[in-house]
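# starting from these lines, generate the structure:
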Amino acid sequence: MQTLLTDRELLESLALDVEAVLRRHIDAADGWQPHEYVPWDDGHNFAFLGGIDWEPEQSELSDVAKLALTVSVLIADNLPAYHRELGKYLRTGAWWRWVGRWTAEENRHEIMIRNYLMTTRSVDPVELERMRMAHMTTGFRRPGMHLLDVLATCAFEETAAAIRHRNTAALKENPMVTAMAERIARDDELQAVVFADLVAAGLDLAPDQALRAIADRVADFAVPSVTLADGRNSDDVLAEAGIYNRADEGALVFKPLLRRWNVFTRTDLGEVGEQARAELAHLRD
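Predicted coordinates:
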């Protein structure tokens, strides 16, 4: 029977791994600028400042593109809640520096998309603000988790976000929407690598404990979602639009990470780990 490590022991034991992973991430992540993706010349004042307010015909985006960008900006706008939930577990040393870096990266996604949507008048700004207020008022809260569960969940979430943004880019809506979606997807992929590498380090340190966490988080995984102005849930609407379908999570989110973690070829598992691996057998290639 492998000894269970406390979260504090895991935080301390993996501290050097976090330092190394964070340095690699910063070296790999471009110092790109969100303002460069916004066509500022297309902007003009709304009625409050003597211009004209938004009308539907001002938008040049397809309904699918408007939907995808609206969901992205609303999810990113709820960043204070995600920051709080992640920070509850990682408020020490290099872990806390990673939370700060991750938060800053996520924030510039929201800044870029919102500025683009407002400048190009692609969506109704009043409706978007009402949805934002409602979404952030509802907030986001994770159930209580241990450290390895948090890391596995974040690896899955960032992988799923990258898929959503890659599919948005694949719409080829216009060059700027494509460029924004590809840029965010690249960030998501790099962030997923950070969390995945930390899970891998956890597997080497406490294989049974880590694999138990992975199996549990696969079983209850759910991407962040928003309620749209018409009352529909973003999960359903994104699936209908071909942007993100939860039915594809096994193949596109879980399997690549399980392969990365050598889940089905490990030889260091005890009884607890073998049980967890058996629960994941449906995801074996």
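
# surely Leu252 is in contact with Ile163?
Yes - with contact defined as CB atoms under 8 Å, Leu252 and Ile163 form a contacting pair (5.5 Å). Heads up, the C-betas are built off the backbone N, CA and C, glycines and all.

# and the two? which has more neighbours close in?
Per other CB atoms under 10 Å, whichever of Leu252 and Ile163 has more neighbours is Ile163, with 21 against 16.

# average pLDDT for the top helix by length along the chain?
Ordering each helix of the chain by length in residues (DSSP state H) puts helix 175-205 first. In this model, helix 175-205 has a mean pLDDT of 97.

# what residues sit buried inside the very next helix or strand once past that helix?
Downstream of helix 175-205, the next assigned helix or strand under DSSP states H and E is helix 207-219. For helix 207-219, burial by neighbour count (16 or more other CB atoms under 10 Å) applies to Pro207, Asp208, Gln209, Ala210, Leu211, Arg212, Ala213, Ile214, Ala215, Asp216, Arg217, Val218.

# contact partners of helix 207-219?
For helix 207-219, contacts defined as CB atoms under 8 Å, 6 or more residues apart in numbering pick out 2, 4-5, 146, 148-149, 151-153, 156, 199, 202-203, 254, 258, 261, 263, 266, 268-273, 275-277, 279-280, 283.

# so for the chain, which residue is the most central one in space?
Nearest to the geometric centre of the chain sits Glu158, at 3.7 Å (CA atoms, centre = their mean).

# and for the residue nearest to it when sequence neighbours are not counted, the neighbour number?
The shortest distance from Glu158 to any non-neighbouring residue, by CB to CB, 6 or more residues apart in numbering, is to Ala192 (3.7 Å). Ala192 sits with 23 neighbouring residues when counted by other CB under 10 Å.

# try the one 10 residues further on
Gly202 has 25 neighbours, counted by other CB under 10 Å.

# list the contacts for Thr120?
Thr120 makes contact with Pro39, Asp42, Gly43, Ser59, Glu60, Leu61, according to CB under 8 Å, 6+ apart.

# one more time with 10 Å, if that's ok
Thr120 makes contacts with Val38, Pro39, Asp42, Gly43, Gln58, Ser59, Glu60, Leu61, Asn174, Met176, Val177, as judged by CB atoms under 10 Å, 6 or more residues apart in numbering.

# return the member of those residues nearest to Asn107.
Val38 (15.4 Å; CB to CB).

# residue contacts, the closest one?
By CB under 10 Å, 6+ apart, the residues touching Val38 are Ile111, Met112, Ile113, Arg114, Asn115, Tyr116, Leu117, Met118, Thr119, Thr120, Met176, Met180.

# ok, of these, which come out buried?
Burial by neighbour count, 16+ other CB under 10 Å: within the contacts of Val38 this picks out Ile111, Met112, Ile113, Arg114, Asn115, Tyr116, Leu117, Met118, Thr120, Met180.

# and these, which two are the farthest apart?
Pairwise over these, using CB to CB, the maximum falls at Ile111 and Thr120, 14.9 Å.

# for Thr227, grab phi and psi.
Main-chain torsions, Thr227, degrees, to the nearest 10: phi -100, psi 120.

# that one: neighbour count?
Thr227 has 14 nearby residues by other CB under 10 Å.

# phi, psi of the closest residue to it other than its chain neighbours?
Take Thr227 and drop its neighbours on the chain: the residue closest to it by CB to CB, 6+ apart is Asn233, 6.2 Å away. Here is the backbone geometry of Asn233 (degrees, to the nearest 10): phi -90, psi 140.

# which ones are touching Asn233?
Ser225, Val226, Thr227, Ala239.

# nearest to Gly51, of those?
Nearest to Gly51, judged by CB to CB, of these is Val226 at 28.7 Å.

# ok, Asp268 touching Leu203?
Yes - using CB atoms under 10 Å as the test, Asp268 is close enough to Leu203 to be in contact (8.4 Å).

# shared neighbours, those two?
Listed as contacting both Asp268 and Leu203 by CB under 10 Å, 6+ apart are Leu211, Asn262.

# neighbour count winner among these two?
More neighbours surround Leu203 than the other of Asp268 and Leu203, with 24 against 12 (other CB under 10 Å).

# for that one, which non-adjacent residue is closest in space?
Distances taken as CB to CB, 6+ apart place Ala210 nearest to Leu203, at 4.3 Å, with adjacent residues excluded.

# tell me how many other residues surround Val18.
Using other CB under 10 Å, Val18 has 22 other residues around it.
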